[in-house]
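1. Prediction below, plus the sequence it came from.
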Amino acid sequence: FVERMSDNTDWKALKEQRRKDLEEKRKKVEAIRERLASRTPTQSPTAPKTVAQRRSRTPITRSQTIGYGATSDRSRTNINDLLKRLGRASDDAVSDDHVSDDGVVDNTEEEAIEGSNYEEFVNILSLDIFPKDKITYEKGVQTATVGFETEENIEHFEEPINETKIKLKAVVEEVEDNFKDDIEESEESDEKIVSEEVSEEVEIVFLNEEEKLNLLENLDFQTFLRKASTLLDRYLDVDSYFLMKDYTIDKEIEDVKKEYGELNVLQEIYDNNLCGRRTITDINWSPYFKELFIASYSGTDGNMMNSFSSNTQFGVSEGLALMWSTEVPQKPVQKFTCQSPILTIRFSPFNNNIVIGTTYSGQVCLWDLRSQRSKPIMISPLSSIGHTHPVYSMDIVGTDSANSLVTACSDGRMCVWNLSKVEQPTSVMDLLSQMNGTQNSIPATSLSFPHGEENEFFIGSEDGSIYQGFIHGKTGVSKQCQYHAAPVTAVDFHPRSQKFDASRICISSSVDWTCKIWDFKREFEPIHTFDSFNDYVYDVRWSPVHPGIFATADGSGLLSLWNLNQSAESPIARCKLGSHSLNRIKWSFDGTKIIVGDSKGSLYIIDVSEYSISHDEDWDLFGETLNYLKEL
């Protein structure tokens with residue numbers, strides 16, 4: 001066809017000739033089909049059923065009967081039909097290319113196969129493949145029949161088990177025989193090693209007095225001993241919270257509980273070797289671990305004048321602060337010392353490893369919890385640039401990125417410090433008051449900032465006044481509120497609430513046996529005075545969770561709990577903690593506990609969880625109570 005096209009033969013004539021050829025071939029195929037349809041098929045011979053019979057079949061020749069009919073012509077026709085379906089053509093067909101109307105070439109005709117090839121082709125088809133063995137599951141092999149426990153059945157099921165046991169036993173005996181020598185040698189060597197270790201004499205080293213002192217003074221040994229003993233105490237006495245509690249109750253305490261209600265004393269913490277003859281000066285809860293708190297102590301026998309003396313009997317310097325844990329109250333977790341008595345102590349709210357304190361000598365100290373030494377890592381120098389008098393009050397203000405330490409001392413000076421560098425203050429301010437046309441220094445006894453405030457501050461002083469001042473802008477003291485008749489011991493602002501802003505509500509305590517509530521947002525006069533105390537009131541603190549509750553500590557050893565929503569005339573609960581005066585109180589952050597420190601050096605943990613539940617209506621009632629007190 002390609003050669004004809006290359007010779008430029010007329011395309012139409014070629015196409016017409018090709019169409020005639022195809023028509024003749026179709027007619028021939030139709031004639032063959034009619035001839036086959038006119039014949040009746042006979043029963044095919046029975047095929048061999050077994051594999052051996054199929055393999056023993058003889059090759060089929062042209063003269064043998066195959067398919068339908070009994071003649072050679074019929075066999076030839078059926079073979080041609082079979083070969084055609086398999087893709088092979090008989091010799092009756094003529095090989096040629098079919099060309100469609102659109103010029104596409106279609107190869108549909110096959111070459112003829114000679115009769116001698118039939119025998120070879122059929123022999124290839126007669127090959128067979130062995131079938132794959134099918135694995136069947138018999139239930140009776142693994143499961144016994146219930147209800148037919150005959151002797152035959154029992155023997156039938158026990159026989160495989162017994163045979164398996166015998167085989168396993170034989171394998172074990174064979175392994176033991178093979179490794180018997182090795183096992184005996186290993187046992188003998190182990191016995192020899194143990195006997196040698198037992199026979200060796202343990203050499204005991206005896207230390208003389210000088211070596212013992214050197215060992216006790218070794219810093220690494222002290223750190224190891226402290227950590228190891230603390231760990232043992234936690235495991236041995238983890239539940240012994242009431243070991244040091246005094247269960248003897250005198251008549252006075254019983255009368256107080258009957259009249260005012262009962263406050264549960266969970267723990268009393270006291271170490272005679274460290275805290276003997278010392279007074280609690282300040283307390284602070286850890287903002288990172290709810291069981292940790294720290295307390296600072298005065299000098300021995302409460303003597304603050306000799307600020308550089310030392311307690312050589314117990315190896316404790318004059319300034320002392322102890323970190324305690326409510327889980328292990330038997331001994332302090334860590335000890336902090338300095339040369340001068342510590343008056344205030346704080347955990348840094350911006351660094352969990354730093355503790356800050358101020359001293360009687362006017363110095364600011366920083367301790368690191370990671371340090372193995374009890375001495376401060378930084379301390380401000382004794383110079384006229386900073387404080388030269390006792391620092392009784394301090395506060396930490398700011399944010400994580402910008403914060404400052406503010407301190408006020410008894411000589412009327414306020415200093416602002418950068419906690420990363422306390423060699424000298426960043427700013428110094430002299431607190432002066434105008435009285436009778438003269439300026440006098442304000443001896444600060446307490447310092448407090450309203451919640452969230454960094455500029456405005458309030459100071460309680462020895463003259464019984466509360467002063468308002470500013471650090472930036474118009475610096476210094478701006479207003480004076482003189483309503484206490486004696487030195488102010490504490491000033492505390494109410495925590496801010498989402499219900500309404502109570503951050504300007506303040507409460508103060510004084511040596512004049514009173515407490516006063518102030519609203520500095522409207523006026524600089526007290527809105528109510530609590531005068532039912534029988535001794536000096538040394539400290540007062542608002543509850544961090546309930547709007548109307550606050551706690552007071554007085555010189556008679558009485559802890560009082562007040563709730564303005566219930567009564568402004570008498571406390572809702574009182575607890576007599578002893579004959580010593582209570583100096584400091586501090587609420588836990590969740591409002592369930594109060595730590596109280598007294599002049600003997602003891603710490604009491606009081607359970608007030610009953611009063612730590614607050615609701616929205618409590619805030620509404622607190623606002624109504626304040627408005628009522630203002631109208632009186």
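-> Received the coordinates, thanks. Here the structure is a predicted model, which is why all the values come from computation and not from measurement. Numbering: from 1, shown residues only.

2. so residue 518 is in which element?
-> Residue 518 belongs to strand 515-519 when assigned by DSSP states H and E.

3. which residues sit against that strand?
-> 466, 481, 483-484, 504-510, 524-530, 533, 537, 540, 552, 626, 629-630 (CB atoms under 8 Å, 6 or more residues apart in numbering). Yep, even glycine has a C-beta here, placed from its N, CA and C like the rest.

4. Next, find the distance separating the closest residue to residue 609 other than its chain neighbours from residue 558.
-> Take residue 609 and drop its neighbours on the chain: the residue closest to it by CB to CB, 6 or more residues apart in numbering is residue 592, 4.1 Å away. The gap separating residue 592 from residue 558 is 21 Å, by CB to CB, to the nearest Å.

5. picking up where we left off before, ChimeraX command to pick out the buried ones of the contacts of strand 515-519?
-> The ChimeraX selection below is limited to those of those classed as buried (16 or more other CB atoms under 10 Å):
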select :466,481,483,484,504,505,506,507,508,509,510,526,527,528,530,533,537,540,552,626
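
6. In strands, which of the contacts of strand 515-519 appear?
-> 466, 481, 505-510, 526-530, 537, 540, 552 (DSSP state E).

7. so where's this structure shaky on pLDDT?
-> 1-11, 39-80, 82-165, 167-168, 171-172, 175-203, 230-261, 301-317, 436, 498 (pLDDT under 70).

8. nearest to residue 618, of the ones in strands among the contacts of strand 515-519?
-> In terms of CB to CB, no member of the ones in strands among the contacts of strand 515-519 lies closer to residue 618 than residue 505, at 14.4 Å.

9. what's the neighbour count on residue 348?
-> 17 (other CB atoms under 10 Å).

10. Relative to residue 428, how far out is it?
-> 22 Å.

11. what do you get for residue 452?
-> 25 Å.

12. swap in residue 512?
-> 31 Å.

13. for residue 548, same thing?
-> 40 Å.

14. One more: residue 620?
-> 45 Å.

15. How about residue 460?
-> 21 Å.

16. Counting neighbours, what do you get for residue 547?
-> 27.

17. With residue 18 instead?
-> Neighbours of residue 18 using other CB under 10 Å come to 16.

18. so it, which of the three states?
-> With DSSP: H, G, I helix; E, B strand; the rest coil as the basis, residue 18 sits in helix.

19. measure it to residue 24 for me?
-> Residue 18 is 11 Å from residue 24, by CB to CB.

20. Run through the residues that contact residue 530.
-> 514, 515, 516, 517, 552, 562, 568.

21. Of residue 460 and residue 428, which one has the most company?
-> residue 460 (28 against 14).

22. list the contacts for that one?
-> Applying CB under 8 Å, 6+ apart, the residues near residue 460 are 444, 445, 446, 447, 466, 487, 488, 489, 490, 491, 508.

23. So what sits opposite the fifth one in the bridge?
-> In other words, residue 466. Applying DSSP bridges to residue 466 yields these beta-bridge partners: residue 460, residue 481.

24. hang on, it packs against residue 491?
-> Yes - counting by CB atoms under 8 Å, residue 466 does reach residue 491; the two are 6.3 Å apart.

25. Please identify every residue contacting each of the two.
-> 458, 459, 460, 506, 508.

26. where exactly do the helices run in this protein?
-> 2-6, 11-37, 51-55, 72-85, 116-125, 151-199, 209-217, 219-236, 251-260, 272-275, 616-631 (DSSP state H).

27. send the alpha carbons of the shortest one over as PDB?
-> What follows is helix 272-275, C-alpha atoms only, in PDB (Å, rounded to 0.1, in the frame of the first residue of the first chain):
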ATOM      1  CA  ASN A 272      14.700  27.400 119.300                       C
ATOM      2  CA  ASN A 273      18.300  27.100 118.000                       C
ATOM      3  CA  LEU A 274      17.700  29.700 115.200                       C
ATOM      4  CA  CYS A 275      14.700  31.700 116.300                       C
END
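
28. tell me which residues in that helix are buried?
-> 274, 275.

29. For residue 339, grab the count of nearby residues.
-> The burial count for residue 339: 20, using other CB under 10 Å.

30. Confirm for me that it is in contact with residue 360.
-> No - using CB under 8 Å, residue 339 makes no contact with residue 360, being 9.9 Å away.

31. just checking, the residue nearest to residue 609 touches residue 608?
-> Yes - between residue 592 and residue 608 a contact is recorded at 6.4 Å, counting by CB under 8 Å.

32. Between these two, point out the one with more neighbours.
-> residue 608 (22 against 17).

33. What residues does that one make contact with?
-> Applying CB under 8 Å, 6+ apart, the residues near residue 608 are 263, 551, 561, 591, 592, 593, 594.

34. Next, find the distance separating the fifth one from residue 211.
-> The one in question is residue 592. From residue 592 to residue 211 the distance is 49 Å (CB to CB).

35. Likewise for the fourth one?
-> The spacing between residue 591 and residue 211, counted by CB to CB, is 52 Å.

36. just the third one next, same as before
-> Computed as CB to CB, the residue 561 to residue 211 distance reads 55 Å.

37. Many thanks, we can stop here.
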